[in-house]
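J.: The following block contains a protein sequence and its predicted model.
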Amino acid sequence: MNNKTKFQLSFMMFLEFFIWGGWFVSLGTFLGNNLQATDAQLAMAFSTQSWGAIIAPFIIGLIADRYFNAERILGVLHLMGAVLMYLMYQSTDFATFYPYVLIYMILYMPTLALVNSVSFNQMSDPAKQFSFVRVFGTIGWIVAGLLISYVFFWDSPEGREAGLLKNTFLMTGVASALLGLFSFTLPKTPPKVNRNEKVDISEILGLDALKLLKDKNFLLFFISSVLICIPLAFYYQNANPFLAEIGVENPTGLMTIGQGSEVLFMLLLPYFFKKFGFKKTILAGMLAWTVRYLLFAYGDTGELLFMLIIGIALHGICYDFFFVSGQIYTDSKAGEKYKSSAQGLITLATYGVGMLIGFWVAGKIADYFKIEGVHEWQNIWMYPAGFALVVAILFMLFFKNEKIAYKS
């Protein structure tokens, strides 16, 4: 790649994840403060991510891969997203807000695959070149959080009281419009599939990889992946409202520690994978969820604030050691024939089905432990902590260790 292409792809990734991190992290706090949404309604709003993940393969497989250049449909989706962001900015009640966020996530989730497609199409050696481009996405997410907390102070007690968190949608809308227009300048990425070729729905959804479930180890990993998404949903849905409610300053900015941790442990993952193997690495990821939620349950804004910070910083282990290790494991088990289908199936099962269940459960439990408008957070966090521990124990007992070839 030449320097111009590197800049284009890096800027694309920066904006892609700046947009997501610029509103999704503080969504729960916004809904509770600005729209007086219930925890069940929070669950509905966050579940739109899962519906987007379920519908995304159809948009990519049936439309983008068949009829349009990837960079063009990326541009159109983000321009439409900018309009929806402005409509969310103007919403004054949840009933008005929900249809907009649902449509937005159905349009946004396919763009995650599109930016990868545009990037890979320009790379001669993706294994070496992609990480440089992708890290700008994480930087974009971090910058969004820092702007919200430390530049605009929208999530400060005064900002929340004044309803300023709605400005996150305005900021994100501007970024989405910018990326929409910028996308039309990106290198051309033509359709991969002949439009006259027969549509295979099972291949698009990754269902032809279901044959891999005949392997008992992979079946156990698959089930564990779905189940571990339930405690994952608790973090996405409740972490920011929890920190804001108990009085932590700059909660959105503080949560960017998790993305910094993600970068660090992504770099350390090859070492852990080679040193301890797949089973121990993924077990560490599962147990980190339990430790994180126990830290949240017993930490506070006083002398025990460090417990909350450590809990946030564990995001790198929680996410990388389980989900990235899982992608590597899936790739090794699938072989060339089912490589793409297997990754699609895992994505559909985790971000689609698993997190859809997780958001619903998180909403129910948060609602149950809410008394006179105040959450009993210690009780709430004990549920995902215990659930992650049970999943880890079952995985430890029944998953048979096996060597996985991994090229870092």
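T.: All right, it came through fine.
J.: Could you use CA atoms for every contact and neighbour count after this?
T.: Noted.
J.: Please work out the average pLDDT along stretch 36-43.
T.: Stretch 36-43 carries an average pLDDT of 96.
J.: Now do the buried residues in it.
T.: Residues of stretch 36-43 classed as buried: 37-43 (neighbour count, 16 or more other CA atoms under 10 Å).
J.: Tabulate those (TSV), appending secondary structure and distance to Leu179.
T.: Shown next, in TSV, are the buried residues of stretch 36-43 (DSSP: H, G, I helix; E, B strand; the rest coil; distance: CA to CA, whole Å):
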residue	secondary structure	distance to Leu179
Ala37	coil	30
Thr38	coil	33
Asp39	helix	32
Ala40	helix	33
Gln41	helix	30
Leu42	helix	28
Ala43	helix	28
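J.: which stretches of the protein form strands?
T.: Assigned by DSSP state E, the strands in the chain fall at 370-371, 374-375.
J.: OK, contacts around Thr301?
T.: Contact analysis of Thr301 by CA atoms under 8 Å, 6 or more residues apart in numbering lists 246-248.
J.: likewise Val248?
T.: Listed by CA under 8 Å, 6+ apart, the contact set of Val248 reads Thr301.
J.: how near is it to Ala239?
T.: Distance from Val248 to Ala239, counting by CA to CA, to the nearest Å: 11 Å.
J.: that older thread, most tightly surrounded among the strands of the chain?
T.: strand 374-375 (a mean of 14; mean count of other CA atoms under 10 Å).
J.: which outside residues touch that one?
T.: Contact with strand 374-375 is made by 366, 369, as judged by CA under 8 Å, 6+ apart.
J.: rerun at 10 Å
T.: Strand 374-375 has contacts (CA atoms under 10 Å, 6 or more residues apart in numbering) with 241-242, 245-246, 366-369.
J.: again, but for stretch 85-97
T.: 23, 31-32, 34-38, 41-42, 45, 79, 81-84, 98-101, 104, 165-174, 176-177.
J.: Out of those, which sit inside helices?
T.: Using DSSP state H, 31-32, 34, 41-42, 45, 79, 81-84, 98-101, 104, 167-174, 176-177 are the members of the contacts of stretch 85-97 that sit in helices.
J.: Low-confidence regions, the chain specifically.
T.: The chain contains residues with pLDDT under 70 at 61-62, 64-65, 127, 192-208, 335-340, 404-408.
J.: from the chain's centre, how far out does the helix of greatest length in it sit?
T.: In the chain, taking DSSP H as the definition, the longest helix is helix 256-298. Remark: helix 256-298 is offset 16 Å from the chain centroid, using CA atoms, centre = their mean, to the nearest Å.
J.: got it, and stretch 233-252?
T.: 16 Å.
J.: How about stretch 3-22?
T.: 17 Å.
J.: Redo the strands of the chain as JSON lines? Include distance to Phe136.
T.: JSON lines is the format used below for these (distance: least, CA to CA, whole Å):
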{"stretch": "strand 370-371", "distance to Phe136": "39"}
{"stretch": "strand 374-375", "distance to Phe136": "36"}
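J.: Of all the ones you listed, which one comes closest to Leu269?
T.: Among the strands of the chain, the nearest to Leu269 by CA to CA is strand 374-375 (36.1 Å).
J.: Within the sheet, what are the partner strands of the closest one, with directions?
T.: Here strand 374-375 has these sheet partners by DSSP bridges: strand 370-371 (antiparallel).
J.: Mind listing residues that contact the partner strand?
T.: 38-39, 376-377, 380.
J.: Please report how far Ile276 lies from Leu283.
T.: Residue 276: Phe, not Ile. 11 Å.
J.: Looking at the two, which is more packed in?
T.: Taking other CA atoms under 10 Å, Phe276 and Leu283 do not tie; Leu283 has more neighbours (19 against 11).
J.: Please give me every residue in contact with that one.
T.: Contacts of Leu283 by CA under 10 Å, 6+ apart are 318, 321-322, 389, 391-393, 395-396.
J.: Is it possible to mark the buried ones in those residues?
T.: With burial judged by 16+ other CA under 10 Å, the buried subset of these is 318, 321-322, 389, 391-392, 395.
J.: how about those in TSV, adding distance to Thr290?
T.: What follows is those, written out as TSV (distance: CA to CA, whole Å):
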residue	distance to Thr290
Cys318	9
Phe321	14
Phe322	13
Leu389	6
Val391	10
Ala392	9
Phe395	14
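J.: Closest one of these to Gly302?
T.: So of these, ranked by how close each gets to Gly302 (CA to CA), first place is Cys318, at 25.2 Å.
J.: can you tell me how far Ser156 sits from Thr347?
T.: Applying CA to CA, the value for Ser156 to Thr347 is 35 Å.
J.: Could you report the distance from the nearest residue to Leu304 once chain neighbours are set aside to Phe306?
T.: Nearest residue to Leu304, sequence neighbours excluded (CA to CA, 6 or more residues apart in numbering): Tyr298, at 8.0 Å. Distance from Tyr298 to Phe306, counting by CA to CA: 11 Å.
J.: Likewise for Met109?
T.: Counting by CA to CA, the gap from Met109 to Phe306 is 34 Å.
J.: Mind checking which of those two has more residues around it?
T.: Met109 (23 against 14).
J.: Tell me where the stretch 201-350 of the chain has helices.
T.: Counting by DSSP state H, counting those that start in this stretch, the stretch 201-350 of the chain has helices at residues 201-204, 216-245, 251-254, 256-298, 305-313, 315-319, 325-347.
J.: I'd like to know which of the ones you listed is closest to Val151.
T.: The minimum distance between Val151 and those falls on helix 251-254, with 9.8 Å, by CA to CA.
J.: I'm done for today, thanks for sticking with me.
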